[in-house]
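S.K.: 3D model of this:
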Amino acid sequence: MASPKVVFAGEVAQIAGVGAVVAGIVLSLHHWGAAAALIGGIAAFFVGKKLRAS
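M.R.: Presented below is the predicted three-dimensional model:
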């Protein structure tokens, strides 16, 4: 079973990932910064999901 700190870190990473994805969509993919936010958000979401599962 994962420690509560790791689970909390996973939750925070997932929330941050969702926020970054939303920001990327709002800004659209016409700019490299928005594309980076979208890709980073997706990555953060899945990293958070993995941390919560461990």
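S.K.: just checking, what packs against the lengthiest helix in the chain?
M.R.: For the chain, the longest helix by residue count, based on DSSP state H, is helix 4-27. Using 3 or more CB pairs under 8 Å, 6 or more residues apart in numbering; DSSP states H and E, the elements in contact with helix 4-27 are helix 32-53. To be clear about C-beta, it is placed using only N, CA and C from the backbone, and glycine gets the same treatment.
S.K.: For the helix it packs on, buried residues please.
M.R.: Of the residues in helix 32-53, those buried under the neighbour-count criterion (16 or more other CB atoms under 10 Å) are Ala34, Ala37, Leu38, Gly40, Gly41, Ala44, Phe45, Val47, Gly48, Leu51, Arg52.
S.K.: How about the contacts made by the residue most central in space within the chain?
M.R.: Centroid check for the chain by CA atoms, centre = their mean gives Gly17 as the closest residue, at 1.8 Å. Shown here is Gly17, whose contacts under the criterion CB atoms under 8 Å, 6 or more residues apart in numbering are Gly40, Gly41, Ile42, Ala43, Ala44, Phe45, Phe46, Val47, Gly48.
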